[in-house]
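Engineer: just need the structure, nothing else, for what follows:
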Amino acid sequence: MKLQKMVWMGVWAFGAASAQAAGVTLTMSCNSSEQEIQYCKKMAAEWGAKTGNTLELLSIPQSSSDILGLFRQMLAGKSDKLDVLQIDVVWPGILKDQLLDLKPYTNGVEKNHFPAMVANNTVNGKLLAMPWLTDAGVMFYRKDLLAKYGEKPPSTWAELTATAKKVMDAERKAGNAAMQGFVFQAKAYEGLSCTGLEWVASFGGGSIIDRAGKTTINNPQAAKALDMAAGWIGTIAPQGVLNYAEEEARGVFQSGNAVFMRNWPYAWALGNGADSGVKGKIGVITMPKGDGPDSTGAAALGGWQMAVSKYSKHPKEAADLVLYLTSEAVQKERAITLASNPTIPKLYQDKDILAANPFYGDLFETLKVAIPRPATVTGVKYNEVSAAFWNATHEVLSGKSTGTASVKKLEGKIDAIRRGPSW
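Structural biologist: As a prediction, this is how the structure comes out:
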């Protein structure tokens, strides 16, 4: 109740002057960052002027878990006070019973978006959300340091490991004792589910649980991938990486003290900011491959979607708003003004967008191979499954377990979760 009271303190209304009488009033959640709030206000005013409707923006907490908690509370109560929701990429399965099927409203426009995102948002044949912005793990590296030591950007994890060690050792010998070879997200939290999934999938070890709901994590390639990552701790990665989330990794890399960094694309703009120690020295490549015949670069899919509550009194208008906000024109404007990653592949060839975001050419290759976390198939149980995976991965990284023992134990935990209430 405290959370709900806090949230409802901030509501802004925008629309045409006559909209109060002529049109309908919708309420949409908006990201809590000031930049996003200002953009949502702009979009609300434009859509209101276009349709004669009024859009109220609902302020929400900063934490994703708090946002999900609020949404679940409101939807469980069948509240009609929230029509359009911005939802995380792992939420469609969790909220599947309370979101509107958008297929009757789209006229097939979802085919213009990345197939992996559309598949992620489709549960039991229903399109529960439209892609709004996308994200995927990428590998950042120091262009200047690789050139200095005659190294090329790595295409495999083995190459990354060797290059990271060579450059790190040389830089330390030259006087920078703080230099690390590789920093990434290894803290026991959702971010480790992303990095761990990338390692496993890149070795041909599957996606933890397949789309049919079968637990697949207990296999030699998955175990090998986790053991590989454990070998980085204390060698090319600092022991402290076991407590790193995105910002901790970025802090080390941006200060000039890491050769490689796994992170999300947001780090590009910050890394090239005026106050960055590595401005103009950053390269971006797709995630490295494993070492098996089925190995491939794998990037965890992230991003946000637009969905409509099943309890909205105005589903048609709400769906129209979702289609407007996720349209090509709006996504292009967001990409240029906010460096927001589009969910429409053709926009990565748009000259205006590439002028504003030169690295989008490289990012497109990563997004093409992005893999979703097993959120759709696990539904409301995703948080439990993800926690089991990140804890199992963390045990291997911290030397408390081996890859083989960990994936076997994890299989049992996931199957136990499966035996609970249906996911």
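Engineer: quick one, domains of the chain?
Structural biologist: 2-135+302-364, 138-300+374-418 (automatic domain parsing).
Engineer: can I get those in JSON lines with mean pLDDT?
Structural biologist: Formatted as JSON lines, the domains of the chain follow (pLDDT from 0 to 100):
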{"stretch": "domain 2-135+302-364", "mean pLDDT": "87"}
{"stretch": "domain 138-300+374-418", "mean pLDDT": "95"}
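Engineer: turn those into a markdown table, columns for mean neighbour count.
Structural biologist: Placement of C-beta: from N, CA and C, glycine included. Below are the domains of the chain laid out as a markdown table (neighbours: other Cβ atoms under 10 Å):
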| stretch | mean neighbour count |
| --- | --- |
| domain 2-135+302-364 | 18 |
| domain 138-300+374-418 | 19 |
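Engineer: and the longest strand seen in the chain, which strands flank it?
Structural biologist: As assigned by DSSP state E, the longest strand anywhere in the chain is strand 299-308. When pairs are called by DSSP bridges, strand 299-308 turns out to pair with strand 84-88 (antiparallel), strand 130-136 (antiparallel), strand 370-371 (parallel).
Engineer: contacting residues for the spatially most central residue of the chain?
Structural biologist: Nearest to the mean C-alpha position of the chain, by Cα atoms, centre = their mean, lies Gly302 at 1.9 Å. By Cβ atoms under 8 Å, 6 or more residues apart in numbering, Gly302 lies in contact with 89, 134-137, 194, 264.
Engineer: what do you get for Val118?
Structural biologist: 110-111, 127, 131.
Engineer: one more pass at 6 Å, please.
Structural biologist: Glu110 (Cβ atoms under 6 Å, 6 or more residues apart in numbering).
Engineer: in what helix or strand does Asp227 lie?
Structural biologist: helix 220-230 (DSSP states H and E).
Engineer: follow the chain on from that helix and name the next helix or strand.
Structural biologist: helix 246-254.
Engineer: hmm, who's touching that following helix?
Structural biologist: 183-184, 258, 261, 263, 267, 271, 276, 278.
Engineer: and the spatially closest residue to Ala158 that is not a sequence neighbour, how close does it get to Ala416?
Structural biologist: In space, and not counting its chain neighbours, Ala158 is closest to Asp291: 6.3 Å by Cβ to Cβ, 6 or more residues apart in numbering. Computed as Cβ to Cβ, to the nearest Å, the Asp291 to Ala416 distance reads 32 Å.
Engineer: ok, back up a step: if I look at the residue nearest to the centre of the chain, how far off is Ser255?
Structural biologist: For Gly302 relative to Ser255 (Cβ to Cβ), the value is 24 Å.
Engineer: likewise for Ala188?
Structural biologist: 24 Å.
Engineer: in the stretch 101-250 of the chain, which spans are strands?
Structural biologist: 122-123, 126-127, 130-136, 138-142, 180-183 (DSSP state E, counting those that start in this stretch).
Engineer: could I get these as CSV with distance to Ser65?
Structural biologist: Formatted as CSV, those follow (distance: least, Cβ to Cβ, whole Å):
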stretch, distance to Ser65
strand 122-123, 21
strand 126-127, 25
strand 130-136, 18
strand 138-142, 24
strand 180-183, 24
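Engineer: which among those is found nearest to Lys103?
Structural biologist: strand 126-127 (4.6 Å; Cβ to Cβ).
Engineer: what does that closest one contact?
Structural biologist: 101-103.
Engineer: just stretch 230-237 next, same as before
Structural biologist: Against stretch 230-237 from outside (Cβ under 6 Å, 6+ apart): 164-165, 181-182, 396-397.
Engineer: farthest-separated two in the residues you listed?
Structural biologist: Lys165 and Val396 (20.3 Å).
Engineer: which residue sits closest to Ala269, ignoring its sequence neighbours?
Structural biologist: Ala339 (5.4 Å).
Engineer: next one: that neighbour from Leu354, what distance?
Structural biologist: 12 Å.
Engineer: give me the distance from stretch 191-198 to the chain's centre.
Structural biologist: Chain-centre distance of stretch 191-198: 11 Å, with Cα atoms, centre = their mean, to the nearest Å.
Engineer: got the CA positions of it in PDB?
Structural biologist: Output of stretch 191-198 as PDB, limited to C-alpha atoms (Å, rounded to 0.1, in the frame of the first residue of the first chain):
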ATOM      1  CA  GLY A 191      22.800  -9.600 -14.500                       C
ATOM      2  CA  LEU A 192      24.700 -12.900 -13.800                       C
ATOM      3  CA  SER A 193      21.800 -14.800 -15.400                       C
ATOM      4  CA  CYS A 194      22.500 -12.700 -18.500                       C
ATOM      5  CA  THR A 195      26.300 -13.200 -18.600                       C
ATOM      6  CA  GLY A 196      26.000 -16.900 -17.600                       C
ATOM      7  CA  LEU A 197      23.400 -17.600 -20.300                       C
ATOM      8  CA  GLU A 198      25.800 -16.000 -22.800                       C
END
